[in-house]
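Peer 1: model the following, please.
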Amino acid sequence: MKALVFETPEKPVIVDVPVPGIKDTEVLIKSNTIGICHSDYELLGGRYIVPISYPVTPGHEWCGEIVEVGKSVKGFKKGDRVVGECVVRTPERLHHFGFSMDGADREYFNVNPDWLHKLPDSVDDMRGSLIEPFTCGYYAVMRSGGTNASETVVVSGGGTIGLVTAAAALGMGARVIVADPIKRRRDIAIKLGAEAVDPTDRGADQIKEMTDGKGADLVVECAGHDASLAAVFDYVAQDGRMSMVGINIGRKISAQLGLMQLKNLTIRGCIGSPGVWPAAIRFLERTGIDLSPIQTHKFALTDAVEAFKLGQDPQACIKVTLSTKGLN
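Peer 2: This next block holds a predicted model:
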């Protein structure tokens with residue numbers, strides 16, 4: 001079978017490897033679609049938030065189909081369409097699937113069914129590969145108390161996580177404003193049903209004007225960039241909430257931290273999507289949210305090296321998705 005392997009940092013290659021066997025407690029998955037995440041570039045660059053080693057196969061945003069079931073497995077059968085969590089536990093340790101252990105950027109892979117969730121028929125394979133990032137956006141909103149039609153939510157950063165966060169808040173009924181300097185991202189936010197502003201063009205002033213001087217009830221920071229992290233304190237309303245999602249590790253920024261007290265803010269750090277997968281999948285199914293505008297480019301798995309090059313340009317694309325269709 002074909003697999004994408006990061007042999008060493010900055011060296012992605014497509015290789016032929018054997019189809020893995022499974023234990024009685026495992027299932028064999030055929031990959032259908034796999035999203036490329038910003039974190040995959042961290043891995044490609046030789047860094048990640050947990051220890052990593054090479055060679056390694058990336059891929060933690062995926063949708064697939066069960067093709068073989070171990071004798072001891074209950075609750076899953078051949079033909080089930082599934083998605084899987086990223087932070088998983090093995091007998092040895094806690095792993096990040098696609099980082100500290102091989103991921104889904106290959107035609108077949110074996111997993112523990114405890115990591116899996118069945119995909120509703122109404123969610124196709126392309127949207128299925130967005131389940132993992134969507135759970136992160138859903139968790140980011142819910143971790144700060146959720147939202148509703150009475151509130152305005154500002155999402156700072158219009159990449160994949162920012163856009164799925166906007167979609168989650170829209171699905172809960174809130175008015176949503178996405179702040180991002182890249183026009184393509186703002187256009188996609190508008191397609192999803194949000195409003196959009198350019199933060200480099202009177203961003204905070206625009207948001208205040210749009211909210212009659214109040215600001216946002218909830219701000220979700222999804223960029224992790226210095227300017228975004230500093231600006232969110234100006235976006236949020238008095239007695240507002242902030243959910244900090246964008247990763248900014250090892251850098252120092254200047255921000256008006258006194259606004260935490262002056263505005264009486266509630267601020268929560270947020271990473272991953274623990275404990276919300278079943279709820280997020282039901283939410284996506286029942287609301288019928290169309291996430292497809294986020295997936296701007298599709299490549300065959302065998303063209304993954306080219307796909308990763310394109311995905312590095314935020315002006316050219318948002319979500320690049322790999323597909324194994326037609327490979328066998």
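Peer 1: quick one, domains of the protein?
Peer 2: 2-130+291-323, 137-269 (automatic domain parsing).
Peer 1: need the ones you listed in a markdown table (columns: mean pLDDT and distance to A279).
Peer 2: Every C-beta, even on glycine, is put in place using the N, C-alpha and C of the backbone. A markdown table is the format used below for the domains of the chain (pLDDT from 0 to 100; distance: least, Cβ to Cβ, whole Å):
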| stretch | mean pLDDT | distance to A279 |
| --- | --- | --- |
| domain 2-130+291-323 | 96 | 11 |
| domain 137-269 | 94 | 8 |
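Peer 1: return the most buried member of the ones you listed.
Peer 2: Mean neighbours per residue, mean count of other Cβ atoms under 10 Å, is largest over these for domain 137-269, with a mean of 20.
Peer 1: related to what we said a few turns ago, adding distance to A280, write the domains of the chain out as CSV.
Peer 2: As requested, the domains of the chain are arranged in CSV below (distance: least, Cβ to Cβ, whole Å):
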stretch, distance to A280
domain 2-130+291-323, 9
domain 137-269, 4
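Peer 1: for F283, which of those is the nearest?
Peer 2: Evaluated over the domains of the chain, closeness to F283 peaks at domain 137-269, with 6.4 Å, by Cβ to Cβ.
Peer 1: distance between the ends of the closest one?
Peer 2: 13 Å (Cα to Cα, to the nearest Å).
Peer 1: for stretch 229-244, same thing?
Peer 2: From its first residue to its last, stretch 229-244 covers 8 Å (Cα to Cα).
Peer 1: can you list contacts of stretch 186-197?
Peer 2: In this structure, residues lying in contact with stretch 186-197 by Cβ atoms under 8 Å, 6 or more residues apart in numbering are 155, 158, 163, 166-167, 170, 175-180, 185, 198, 203, 206-207, 210, 289-291, 293-294, 296, 318.
Peer 1: which one of the domains of the chain lies nearest to R282?
Peer 2: Each of those has some distance to R282 by Cβ to Cβ; the shortest is domain 2-130+291-323, at 8.2 Å.
Peer 1: just how off-centre is that closest one within its chain?
Peer 2: With Cα atoms, centre = their mean, to the nearest Å as the basis, the distance from the averaged C-alpha position of domain 2-130+291-323 to the chain average is 13 Å.
Peer 1: wait, R185 sits on G159?
Peer 2: Yes: using Cβ atoms under 8 Å as the test, R185 is close enough to G159 to be in contact (6.9 Å).
Peer 1: any common contacting residues for these two?
Peer 2: With contacts taken as Cβ under 8 Å, 6+ apart, the residues that reach both R185 and G159 are 314, 318.
Peer 1: looking at the domains of the chain, which is closest to G275?
Peer 2: Nearest to G275 among the domains of the chain is domain 137-269; the distance by Cβ to Cβ comes to 8.2 Å.
Peer 1: now the helices for the stretch 51-200 of the chain?
Peer 2: Secondary structure of the stretch 51-200 of the chain (DSSP state H, counting those that start in this stretch): helices located at 125-128, 131-142, 160-171, 183-192.
Peer 1: packing partners for the third one?
Peer 2: Using 3 or more Cβ pairs under 8 Å, 6 or more residues apart in numbering; DSSP states H and E as the contact definition, the elements that helix 160-171 packs against are helix 131-142, strand 152-156, strand 175-179, helix 183-192, strand 216-221, helix 277-287.
Peer 1: any idea how far apart the tips of stretch 238-253 sit?
Peer 2: End-to-end distance for stretch 238-253: 23 Å, by Cα to Cα.
Peer 1: I'd like the distance between A307 and A300.
Peer 2: Note on A307: its distance to A300, by Cβ to Cβ, to the nearest Å, is 9 Å.
Peer 1: overlap in contacts of those two?
Peer 2: L322.
Peer 1: of all the helices and strands packed on helix 160-171, which one is nearest G246?
Peer 2: Comparing the helices and strands packed on helix 160-171 by their distance to G246 (Cβ to Cβ), the top pick is strand 216-221, with 5.2 Å.
Peer 1: adjacent strands (with direction) for the closest one?
Peer 2: With DSSP bridges as the criterion, the sheet partners recorded for strand 216-221 are strand 152-156 (parallel), strand 236-244 (parallel).
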